[in-house]
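Asks: kindly generate the corresponding structure for this input.
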Amino acid sequence: MLFKWFSRLSLFSKLSHTAVVMCAVECIQFICLLALGVSTAVFIYPFERPAAYAVGLFIGCLISLLKIIMLEKTIARAVELGNQAKNYATLQAVLRYFGTIAAIVPAFIFRNQIGVFGVVAGLLSLQVSAFITSGIIKKDKRV
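Replies: Numbering: from 1, shown residues only. The predicted structure follows:
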């Protein structure tokens, strides 16, 4: 049901089912990582200020969402291009790396306002969401 709601949003309406599921999982991970990180910082070990961690996590997860959308559009466009697909896909991969760098560098410069650990957790959540999405898609196909 959550995936159907996500696919109705205008930003996700043109994406494949896999990309929509991945974006939904990414958003759920954001909420879980936010609750886990803030509660850890407040009650167990103050690794970062909770507000800075939340801002960093938001930025990291936002970049991860953008990377999912960019990858989806890259694959769709590369199929259409044919012989020029390799150059286009390479350029898009470089742009995704610059997106990652654009999230990490300001976090190091503005350490008091943007939590570095939050940014890194948000960026790494992309791999976790891909793994979870794989399981969800396989389960859907078995039913």
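Asks: ok, the residue of the chain positioned farthest from its centre to P106 distance?
Replies: Each residue of the chain has a distance to the centre, and by CA atoms, centre = their mean the biggest one is for N83: 29.6 Å. The spacing between N83 and P106, counted by CB to CB, to the nearest Å, is 38 Å. (C-beta placed from N, C-alpha, C; glycine too.)
Asks: again with K67
Replies: K67 sits 17 Å away from P106, going by CB to CB.
Asks: ok, the two, which is more surrounded?
Replies: Taking neighbours as other CB atoms under 10 Å, K67 and P106 compare with K67 leading, 18 against 15.
Asks: pLDDT on the strand or helix carrying the more buried one, on average?
Replies: Element membership of K67 [criterion: DSSP states H and E] is helix 50-81. For helix 50-81, the mean pLDDT works out to 91.
Asks: cool, stretch 132-140 as well?
Replies: Stretch 132-140 comes out at a mean pLDDT of 88.
Asks: same question for it: list its buried residues.
Replies: By neighbour count with 16 or more other CB atoms under 10 Å, stretch 132-140 contains the buried residues 132-133.
Asks: centre of the chain versus it, how much separation?
Replies: 17 Å (CA atoms, centre = their mean, to the nearest Å).
Asks: which residues touch that stretch?
Replies: 17-18, 21-22, 25 (CB atoms under 8 Å, 6 or more residues apart in numbering).
Asks: list buried residues within those residues.
Replies: If you count burial by 16+ other CB under 10 Å, the buried members of these come out as 21-22, 25.
Asks: if I pick the residue nearest to the spatial centre of the chain, what's in contact with it?
Replies: Most central in the chain under CA atoms, centre = their mean is S64, positioned 2.3 Å from the mean C-alpha point. Applying CB under 8 Å, 6+ apart to S64 gives the contacts 26, 122-123, 125-126, 129.
Asks: got a winner among these for most neighbours?
Replies: G122 (27 neighbours).
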